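1. show me how the following folds:
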Amino acid sequence: MNDLAPLLTPEGRALLDEVRDTDPAHELAVATRLRREHPAELVSAALGQARLRQRAVAKFGAQDARRMFFTPNGVEQSTRASVAAYRAECLRAKGVRSVADLCCGIGGDAIAFARAGIRVLAVDRDPLTCEAARANADALGLAGLIEVREADVTEVDTAGYDAVFVDPARRSSPRGRIFDPEAYSPPLSWAVSAALAAPFGLLKIGPGIPHEAIPAEATAEWVSDHGDVKEAVLWFGPDVTPGARRATLLPAGAGLHATRGTMLPDPEVRPVGRYLYEPDGAVIRAHLVAQVAEELDGGLIDATIAYVTADEYRPTPYATAYEITDQLPFGVKKLKALLRERRIGILTVKKRGSAVEPEELRRKVLPKQHGTASVTVFLTRVAGAPTMLLGHPVR
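-> Numbering: from 1, shown residues only. This next block holds a predicted model:
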């Protein structure tokens, strides 16, 4: 698919509606039937777009995904709608009324900005991507707030905009995901300079960025959605605390924050207590596990493992709590015997600091005659020793 124009015609739109819910298993039969009445290239493009829209539902919701236009990279790399909406609301609350969205992709962030009432200049250098961004702005009734421009972002004048948002490409073919920030396109150093040139600046980065690579002027924020880390963003502006770290947990919006002066040392290692807490991934990435451990009056089970243990249960939005029933040295036979004895048929396997693959372990230890009981097993290390902790989520 090199051009969306045929899909934007009345015939193309009607065909998109017809194939919207096509099961991939029946795609060949559907294509054969439709090619009797429509050009083969248009049928292929419509079916391809239908597949992309089905994939996009997880990020954009069914109502928007069924109206939007996507590229394969656009589905993969665009911001989840809930995360984009959170960021747009943060900018709106700061008084931002215009933003230059550089490396806009298919327009996921631009849509969220516009829905928050912010005027957007959306820039990308790829013609098909820009075509999709324009089509999406039009499909969602936001064309009046979103200007899409095909250009090299490094040559765009952002003067006059309240904020600059840069989302550099962090994947390349054939290498895949890029971990060196200076290998982003454009590089991190250029993106930082662009963000600093505006009253407010935002720079999307890979969640795994080394903390030492984060510019001193920025506050770094890691965002998770329903427990999955989705992104990290560097914030620049007059209200930013340089060097601060923040974890934001969606959909609740809970936030944990620490400045250079309030960062805590690593918690002490202590024996496993009655409760094990699994910190949210955003908390771990932001290096704020110590803050959670202090809140819980807990410690680590191992100096290198981000599991917090405590003797008392204290609800917290920043970690999931489990009541531990067993602590065993790692061993497949021991675990298999225990599961059989307790008639465990539902096994959730979590690991941290273990090379064992959860699915492989499940295959080896679950009895053929499954019971109805359930348990969670943690494959981890306790004070350096490979250990299995068994327990149940605290409801």
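2. who's Met388 bridged to?
-> Here Met388 shows beta-bridge partners Leu328, Leu379, assigned using DSSP bridges.
3. pretty sure it is touching Arg381, no?
-> No. Using CB atoms under 8 Å, Met388 makes no contact with Arg381, being 10.7 Å away. C-beta: built from backbone N, CA, C; applies to glycine.
4. compare neighbour counts for the two and give me the winner.
-> Comparing Met388 with Arg381 by other CB atoms under 10 Å, the one with more neighbours is Met388, at 23 against 18.
5. and the more buried one, how far from Thr259?
-> To Thr259, Met388 is 38 Å away according to CB to CB, to the nearest Å.
6. and the strands in the stretch 1-150 of the chain?
-> 98-102, 119-124, 146-150 (DSSP state E, counting those that start in this stretch).
7. could those be laid out in a markdown table, adding mean neighbour count, mean pLDDT and distance to Leu361?
-> Output for these, formatted as a markdown table (neighbours: other CB atoms under 10 Å; pLDDT from 0 to 100; distance: least, CB to CB, whole Å):
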| stretch | mean neighbour count | mean pLDDT | distance to Leu361 |
| --- | --- | --- | --- |
| strand 98-102 | 26 | 98 | 44 |
| strand 119-124 | 24 | 98 | 44 |
| strand 146-150 | 19 | 98 | 49 |
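8. now those strands in JSON lines, with distance to Arg66?
-> Listed next are the strands of the stretch 1-150 of the chain as JSON lines, based on distance: least, CB to CB, whole Å:
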{"stretch": "strand 98-102", "distance to Arg66": "23"}
{"stretch": "strand 119-124", "distance to Arg66": "22"}
{"stretch": "strand 146-150", "distance to Arg66": "20"}
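9. to Asp167, which of these lies closest?
-> strand 98-102 (7.2 Å; CB to CB).
10. for that closest one, packing partners?
-> Under the contact criterion of 3 or more CB pairs under 8 Å, 6 or more residues apart in numbering; DSSP states H and E, strand 98-102 touches helix 108-115, strand 119-124, strand 163-166.
11. so Thr309 is in which element?
-> Per DSSP states H and E: Thr309 is located in strand 305-310.
12. so for that strand, mean pLDDT?
-> Summarised as a single mean, pLDDT over strand 305-310 is 98.
13. sheet partners, orientation included, of it?
-> Short version: by DSSP bridges, strand 305-310 pairs with strand 275-279 (antiparallel), strand 299-302 (antiparallel).
14. for the stretch 1-150 of the chain, which spans come out with low pLDDT?
-> Within the stretch 1-150 of the chain, the ranges that satisfy pLDDT under 70 run 1.
15. rerun at 90
-> Along the stretch 1-150 of the chain, segments meeting pLDDT under 90 span 1-3, 24-25.
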